[in-house]
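[1] sequence-free structure coming up:
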């Protein structure tokens, strides 16, 4: 009985909320950056680089990931791993967020489309670097929550819409980069069409039952595409609901 009580106490302790001061969060972000940079070196044979752009690193160092996860997961917000955010969705692993951002070759003048807002964290990372981010989320509860968090954090260069993002967002095309944070079985033609010449589509491709691959698809000046497979990945599926109309 005594042992049972100790075990229960230990379980309660393991899920009890942990409070951090802002300086603690900064230390955790700095440690996360160090871990991401080390992981980039470890995976350089896949990704073709041994360090990330300084703009990407500074965005990861600045954006408060703990604001984008449910309260119960805040103590783990700076672990280099995905976390549940509700709706059978996850906030992506920070290494993957950093890598996909880096692969987009974006800068302060870039206009970026994101398919799959999720928690809003990837959009915030992009917003630290680019001129504007347009992002679409099919799950209304997630989209509205992400929009609220992004607004509260002062990201005025992010526009969130609720709806089926499979066909992209033609209203603001063409885009310098399109980042897709869920995996379709095949690349949507609509997204390829909405890239600028010289633009890049960063997308995981493949069914849930087999290995997915993160692809970089570059559009040349005459509309041809070059596809590069970067590495095997695991993403939630890119779901569709054509009856959902885009609404801000």
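    Sure, I can see it. Predicted, not measured: the structure shown is a model, and the values here were computed from it. Residues are numbered from 1 along each chain as shown.

[2] Kindly list the longest strand within the chain.
    Looking across the chain with DSSP state E, the single longest strand is strand 195-205.

[3] Can you point out the buried residues in that one?
    195-196, 199-205 (16 or more other CB atoms under 10 Å). For the C-beta atoms, the positions are set from N, CA and C on the backbone; glycine is no exception.

[4] ok, now stretch 66-81?
    66-69, 74-75, 77-78.

[5] and what of stretch 129-144?
    For stretch 129-144, the neighbour count (16+ other CB under 10 Å) marks 129-130, 132-139, 142-143 as buried.

[6] so of the residues you listed, which ones are in helices?
    Applying DSSP state H to the buried residues of stretch 129-144, the entries found in helices are 142-143.

[7] Turn the buried residues of stretch 129-144 into CSV, including distance to residue 103 and pLDDT.
    Shown next, in CSV, are these (distance: CB to CB, whole Å; pLDDT from 0 to 100):
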residue, distance to residue 103, pLDDT
129, 13, 98
130, 14, 98
132, 19, 98
133, 16, 98
134, 18, 98
135, 17, 98
136, 20, 97
137, 21, 96
138, 23, 95
139, 25, 94
142, 24, 96
143, 24, 96
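
[8] just to revisit the earlier point, tell me which of the buried residues of stretch 66-81 is nearest to residue 109?
    residue 68 (25.8 Å; CB to CB).

[9] helices or strands up against the longest strand of the chain?
    Using 3 or more CB pairs under 8 Å, 6 or more residues apart in numbering; DSSP states H and E as the contact test, the elements touching strand 195-205 are helix 94-103, strand 175-180, helix 189-193, strand 212-219.
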